[in-house]
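> Structure for this input, please:
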Amino acid sequence: MRIVKLLGLLVFLAVIAGGVFVLKTWRDMRTFGETPFGSGAEKVVEIAPGTSARGVVRILSRAGVLGDEETATRYV
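Numbering: from 1, shown residues only. Below is the predicted model:
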């Protein structure tokens, strides 16, 4: 009986931790998507056909178009 209560508590804590993680990630993605970055000046960035989504994010980040490459990769 004691083991069942302990397992129940562990499951409950895992659900709470998962919920906190999901809410934080959702908030970060929403903030990233709504926050402008850069000077506002027009930039031309050439991306080769067939480039993967991660490759496009990397190119845009190196060109100074994106503020955070890791968050942009998760956003895509």
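
> Just checking, which helix or strand of this structure averages the lowest pLDDT?
Ranked by mean pLDDT, DSSP states H and E, the weakest helix or strand in the chain is helix 69-75, scoring a mean of 84.

> gap between it and the chain center?
5 Å (Cα atoms, centre = their mean, to the nearest Å).

> Repeat that for stretch 35-50.
Worked out by Cα atoms, centre = their mean, stretch 35-50 lies 19 Å from the chain centre.

> measure that stretch end to end?
In stretch 35-50, first residue to last residue: 28 Å (Cα to Cα, to the nearest Å).

> Now do it, average pLDDT.
For stretch 35-50, the mean per-residue pLDDT is 81.

> Show me what it is in contact with.
Applying Cβ atoms under 8 Å, 6 or more residues apart in numbering, the external contacts of stretch 35-50 come out as G55, V56, I59, L60, A63, G64, V65, L66, G67. (C-beta placed from N, C-alpha, C; glycine too.)
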